[in-house]
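Trainee: the following block contains a protein sequence and its predicted model.
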Amino acid sequence: MNISINNGAEVFDITLNNENITGYSVYIMDDWNGSANNNIFWKPTTEYVYANVWDGSINNDWATVANWSSNSVPTGSSNVRIPGTGITNYPTASAAVTIDNGYIESGATLIAQDAFTGTITYERNLGTTNWYMVSSPVIGETIQDLISNHTFATGTDPNIGIAPYINDGTAWSYQTTASTGTLNSGQGYSVRLATAGNISFTGAMPVADIGVAITTNTNGFNLIGNPYPSYIPANTPADGTNNILTINTASLTEDTLWLWNQATDSYDQVNHAVSKFIAPAQGFFVSSNGSNTFNFTEAMQSHQGTDNFQRTETTRPEINLVMTDGSITRDADIFYIDGTTTGFDNGYDSSIFGGVSHSFAVFTETIANGNGKRLGIQSLPNSDLESMVIPVGVIADAVEITFSAVALNLPTGIKVFLEDRTTNTFTHLDEANSEYKITLSEALNGIGRFYLHTKASVLALNDVTLENVSIYKTNNSTLRVVGLSQGKTNVKLFNILGKQVLNTSFKSNGVSEISLPKLATGVYIVQLENKAGKLNKKIVLE
């Protein structure tokens, strides 16, 4: 096929062998001299084509000539494209760069360590029409441009599928087609497209540290996100120093990030237990302990592989407890890690997301010194597994629920049992095709009925002792006792001098709350006694 192209005063004849160009256009970039065809690209007519295409064949140095398909480093008039697939090395620009514009495909990354002049468009693929949490990886993108360049899903008129999260009680602030304003670097947004496809952000390349204001307000949860077109480490396994949890720990109620998982329609917890990098344009929640600045630094940036929610290979013991009602599935993780405790370990224990209400969820609570935190991840000592009994919490209506478990790398002979203290049964969960199915007679919202045991032998009711009971104060006027079998229990409270200040009894139903008299601050001893024996535990009233 021979095509003649009139370029002003010049006419070029181009011969193409066996090329099907239906629906395609040819783009001739600047400085065409007819001596080679490196600057000719065939693309669908709706796409813009870039002459300087990164291939990363040598290394990740932007200034290396052979890394570019045009065999020339981009200049101020260059249009640059960085493909999202088929690339081994992604570019890092260590010196100042000037281009006309650049296009970074979904999956690609770019790091600039000096001034970077030119307009950048970053593309992120949203593979379904579900909700996603995103953030702008460029500076200066506007809401009005996002709206004009994309078709968002529509909701209650006039709302469309883009919303920041406002933690003053407003929650999701849905935008309309008339919304305007600049997207703040590091701020997160929930988005939903009308059809699956790409969302793109256009603006300037970020080349400095970025701080984002976070507040406590009504619930402390703030939706923020990765402000760079590169990966940043979430935790110490990803980077021992320059990770976002370590650098920002003083500003957080707990060292946890909450990422929306569109595939399960729920939030995933991220802490220091499993290595995680945050992808470009990925939004996430944090819980602020006050009015603070959440910091992202240039030093955090790196090039990584594809981001996903799949489990990584591990040799440590762990249990994944799964609960389903047949249509919705939720899970909770238990990790056994040297150095952790049976209490709350910040950075290794993580609450389920508390910025929204849950109608169906499974979680655990700490074995010792229970504080009421509902954990999506609980890390426990990697020793003496048979002595630890884990309270399992459930949020569910009066429906049929099914439990199952996947156990990895547990010590030889150790099995996982689920105890139901209402039916007085134990179920071996981690063997093939094993599950525990029960129809709830009433809605559940907490712990007290179900417990997870790790034992070498089959359990019986008399294996449950008072040592598995959790006692803690919910406030200075209420004492909560969790894990008692049904029946009468006596409880006494003594001050540090041994004086009895409370003597009462109650009938346990898994979770019992006891009203405390008005007491001075200090240390007290709780003495619990029933047919299983006697238990003493210390509490502190503040």
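Mentor: Right, received. Where do you want to start?

Trainee: tell me the domain boundaries of the chain?
Mentor: The record's domain parsing of the chain by automatic domain parsing lists 2-44, 318-464, 467-541.

Trainee: okay if I get those as JSON lines plus distance to residue 294, mean neighbour count and mean pLDDT?
Mentor: C-betas here are computed from N, CA, C, even on glycine. Output for the domains of the chain, formatted as JSON lines (distance: least, Cβ to Cβ, whole Å; neighbours: other Cβ atoms under 10 Å; pLDDT from 0 to 100):
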{"stretch": "domain 2-44", "distance to residue 294": "40", "mean neighbour count": "11", "mean pLDDT": "44"}
{"stretch": "domain 318-464", "distance to residue 294": "15", "mean neighbour count": "18", "mean pLDDT": "92"}
{"stretch": "domain 467-541", "distance to residue 294": "30", "mean neighbour count": "15", "mean pLDDT": "85"}
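
Trainee: in a markdown table: the ones you listed, plus distance to residue 253.
Mentor: Listed next are these as a markdown table, based on distance: least, Cβ to Cβ, whole Å:
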| stretch | distance to residue 253 |
| --- | --- |
| domain 2-44 | 49 |
| domain 318-464 | 9 |
| domain 467-541 | 17 |
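
Trainee: immediately after the helix ranked longest in the chain, which helix or strand?
Mentor: Ordering each helix of the chain by length in residues (DSSP state H) puts helix 143-149 first. Moving toward the C-terminus from helix 143-149, the next helix or strand (DSSP states H and E) is strand 162-163.

Trainee: what strands line up against that next one, and which way round?
Mentor: Sheet pairing of strand 162-163 (DSSP bridges) gives strand 188-191 (antiparallel).

Trainee: gap between the partner strand and the chain center?
Mentor: Taking Cα atoms, centre = their mean, to the nearest Å, the mean C-alpha location of strand 188-191 is offset from the chain mean by 14 Å.

Trainee: cool, stretch 392-410 as well?
Mentor: Worked out by Cα atoms, centre = their mean, stretch 392-410 lies 21 Å from the chain centre.

Trainee: same check, this time on stretch 253-272
Mentor: 3 Å.

Trainee: likewise stretch 341-353?
Mentor: With Cα atoms, centre = their mean, you get 15 Å for stretch 341-353.

Trainee: so where do the strands sit in the stretch 201-350 of the chain?
Mentor: 210-214, 221-225, 232-233, 257-261, 266-270, 277-278, 283-287, 292-296, 318-324, 329-336, 350-351 (DSSP state E, counting those that start in this stretch).

Trainee: could I get those in TSV, plus columns for distance to residue 98?
Mentor: Below are these laid out as TSV (distance: least, Cβ to Cβ, whole Å):
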stretch	distance to residue 98
strand 210-214	22
strand 221-225	28
strand 232-233	25
strand 257-261	35
strand 266-270	37
strand 277-278	29
strand 283-287	30
strand 292-296	25
strand 318-324	50
strand 329-336	48
strand 350-351	44
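
Trainee: ok, which of those strands comes nearest residue 141?
Mentor: Residue 141 lies closest to strand 221-225 among those, at 12.5 Å (Cβ to Cβ).

Trainee: and that closest one, what other elements does it pack with?
Mentor: Applying 3 or more Cβ pairs under 8 Å, 6 or more residues apart in numbering; DSSP states H and E, one finds that strand 221-225 makes contact with strand 132-135, strand 165-166, strand 188-191, strand 210-214, strand 283-287.

Trainee: please enumerate the helices of the chain.
Mentor: Using DSSP H, helices in the chain cover 143-149, 244-248.

Trainee: with mean neighbour count as added columns, please give these in TSV.
Mentor: Shown next, in TSV, are the helices of the chain (neighbours: other Cβ atoms under 10 Å):
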stretch	mean neighbour count
helix 143-149	16
helix 244-248	21
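
Trainee: CSV for those, including mean pLDDT?
Mentor: Formatted as CSV, the helices of the chain follow (pLDDT from 0 to 100):
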stretch, mean pLDDT
helix 143-149, 96
helix 244-248, 98
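
Trainee: how near is residue 469 to residue 363?
Mentor: Remark: distance between residue 469 and residue 363 (Cβ to Cβ, to the nearest Å) = 19 Å.

Trainee: check residue 452 too.
Mentor: For residue 452, the distance to residue 363 - Cβ to Cβ - is 12 Å.

Trainee: and what of residue 437?
Mentor: Using Cβ to Cβ, residue 437 is found at 20 Å from residue 363.

Trainee: I'd like to know how many residues surround residue 197.
Mentor: Using other Cβ atoms under 10 Å, residue 197 has 14 other residues around it.

Trainee: look at the nearest residue to it once chain neighbours are set aside and report its pLDDT.
Mentor: Nearest residue to residue 197 in three dimensions, chain neighbours excluded: residue 126, at 6.6 Å (Cβ to Cβ, 6 or more residues apart in numbering). pLDDT recorded at residue 126 is 96.

Trainee: returning to what we had before: mind putting the helices and strands packed on strand 221-225 in TSV, mean pLDDT included?
Mentor: What follows is the helices and strands packed on strand 221-225, written out as TSV (pLDDT from 0 to 100):
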stretch	mean pLDDT
strand 132-135	98
strand 165-166	94
strand 188-191	98
strand 210-214	98
strand 283-287	98
